[in-house]
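Student: Sequence isn't available, so here's the structure alone:
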């Protein structure tokens, strides 16, 4: 069994201004895990999309201020990033996929495309609702299809 290495957690206020710190955290964890640049970028994009949704639709839309907690751990085969927030329950996997990807962006209805593209860029994604918190788990394999 591979030994895991944990990265110190990052806790930030759930505001748009915190997205930069979250992105830097994910990229740092990816570099420490030895993830290839393309895979690291896709992972950062996925975490950013879900964090943005939590901030914009979970906290700001409800006029509620909460925190986001990001943790990461890796071993020689994978990097796992966990994003937790206390906004209302939202499972990104329940977001219906876009109906017609051939339609020009300005002609398509708003919503859903970011989640679809982001989660398609990671090797595994899971959502849990635990202790009144959204727990989004992103897994990127190291060395496989990077």
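Tutor: Nice, I can see it. Quick caveat: nothing in here was measured; it's all calculated off a predicted structure.
Student: check which helix or strand covers residue 27.
Tutor: helix 19-33 (DSSP states H and E).
Student: Helix or strand next in line after that helix, which one?
Tutor: That would be, after helix 19-33 and using DSSP H and E, helix 37-53.
Student: Buried ones in whichever helix or strand comes after that next one, by neighbour count?
Tutor: Using DSSP H and E, the helix or strand that directly follows helix 37-53 along the chain is strand 67-74. Counting neighbours by 16 or more other CB atoms under 10 Å, one finds that the buried residues in strand 67-74 are 68, 70-72, 74. The way it works is simple: take the backbone N, C-alpha and C, and place the C-beta from them, glycine included.
Student: The helix or strand that strand 67-74 is followed by to helix 19-33, inter-axis angle?
Tutor: Downstream of strand 67-74, the first helix or strand assigned by DSSP H and E is strand 78-85. Interaxial angle of strand 78-85 relative to helix 19-33 (axes from the mean of the first three to the mean of the last three CA atoms, to 10 degrees): 160 degrees.
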